[in-house]
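Undergrad: predicted model follows, preceded by the sequence.
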Amino acid sequence: MKIAVLNQKGGSGKTTVSIHLAHAFSMIGYRVLLVDTDPQGSTRDWAAARNGEAPFSVIGLDRPILHKELPKLAQGYDFVFIDGAPRVSDLTRSAIMAVDFVLVPVQPSPLDVWAVHEVVELVQEATIYKPDLTAAFLINRKIANTALGREVTEVLGEYPFPVLKAQISQRVAFAECLNIGSTVLEAAPKSAASDEVRAVVEEILEAREETNHGRS
């Protein structure tokens, strides 16, 4: 399965989500590749900051040829994650055409909700050529003890993509781990942060099973 983590708005947490999901899937036995398409190379910086090798493969490809190159690069992997570039660009379009599923992390704020419109349009355009392409929103950096997450979920309900039930909260642990080339799954495997990441993984796997069942 190939998954692109995309949002044109900076600060939506694409890299944090991409790295943690890639690590979570690798920890349950899947062979995982993470492709960094952001010219800033944040995911590659994370891998370089680690002590020892990353628990999954990390490569950089920040040119709009991903849809052509990924079939070859993905050979031998069970899951491929694409850490998307900021702003809607040819890189974003190429990433959408390269994958089966687009995950759109959204912070619970009006500005972030408004910013997803262009990505939604790009995904809808791509379904003309890829009718099996699916997408979903992920509430990311939710602030605890507020109603913002619920309110944003209701607003996103106006779009044609579902909102994952699992949500990821705003936690200092995520930033601290990324700075040293780690994840919360390593640093605090029994924490609420790790539980949130694993809940997203479970929901993605359930959706994949439902999709595969529907096609069989």
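TA: Perfect, I can see it now.
Undergrad: make it CA atoms for all contacts and neighbour counts henceforth
TA: Will do.
Undergrad: give me the contact list for the helix or strand bottoming out on mean pLDDT in the chain.
TA: Lowest on mean pLDDT, DSSP states H and E among the helices and strands of the chain sits helix 148-156, with a mean of 78. For helix 148-156, contacts defined as Cα atoms under 8 Å, 6 or more residues apart in numbering pick out P108, S109, P110, V113, F137, I139, K142, I143, V163.
Undergrad: check stretch 132-145 too.
TA: Against stretch 132-145 from outside (Cα under 8 Å, 6+ apart): 12-13, 99-108, 123, 126-127, 148-149, 153, 156, 161-164, 166-171.
Undergrad: in this structure, which spans are strands?
TA: Residue ranges of the strands in the chain, as given by DSSP state E, are 2-5, 32-36, 57-60, 79-83, 101-106, 134-139.
Undergrad: need the ones you listed in CSV (columns: mean neighbour count).
TA: What follows is the strands of the chain, written out as CSV (neighbours: other Cα atoms under 10 Å):
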stretch, mean neighbour count
strand 2-5, 24
strand 32-36, 25
strand 57-60, 18
strand 79-83, 25
strand 101-106, 26
strand 134-139, 21
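Undergrad: wait, which of the ones you listed is closest to E210?
TA: Among the strands of the chain, the nearest to E210 by Cα to Cα is strand 134-139 (12.0 Å).
Undergrad: for that closest one, the distance to its chain's centre please.
TA: The chain centroid and the centroid of strand 134-139 are separated by 9 Å under Cα atoms, centre = their mean, to the nearest Å.
Undergrad: counting neighbours, what do you get for G76?
TA: 10 (other Cα atoms under 10 Å).
Undergrad: ok, back up a step: can I get the strands of the chain in a markdown table with mean pLDDT and distance to E186?
TA: Listed next are the strands of the chain as a markdown table, based on pLDDT from 0 to 100; distance: least, Cα to Cα, whole Å:
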| stretch | mean pLDDT | distance to E186 |
| --- | --- | --- |
| strand 2-5 | 97 | 22 |
| strand 32-36 | 97 | 17 |
| strand 57-60 | 96 | 17 |
| strand 79-83 | 97 | 19 |
| strand 101-106 | 96 | 22 |
| strand 134-139 | 95 | 22 |
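Undergrad: those strands into CSV, with extra columns for distance to S182?
TA: Converted to CSV, these look like this (distance: least, Cα to Cα, whole Å):
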stretch, distance to S182
strand 2-5, 19
strand 32-36, 15
strand 57-60, 14
strand 79-83, 17
strand 101-106, 20
strand 134-139, 22
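Undergrad: residues contacting stretch 8-19, please?
TA: Contacts of stretch 8-19 (Cα under 8 Å, 6+ apart): 5-7, 34, 42-43, 81-88, 105-107, 112, 115-116, 118-119, 140-141, 174, 178, 183.
Undergrad: what about the residues you listed, which are in helices?
TA: If you go by DSSP state H, the contacts of stretch 8-19 have S42, T43, D112, A115, E118, V119, F174, L178 in helices.
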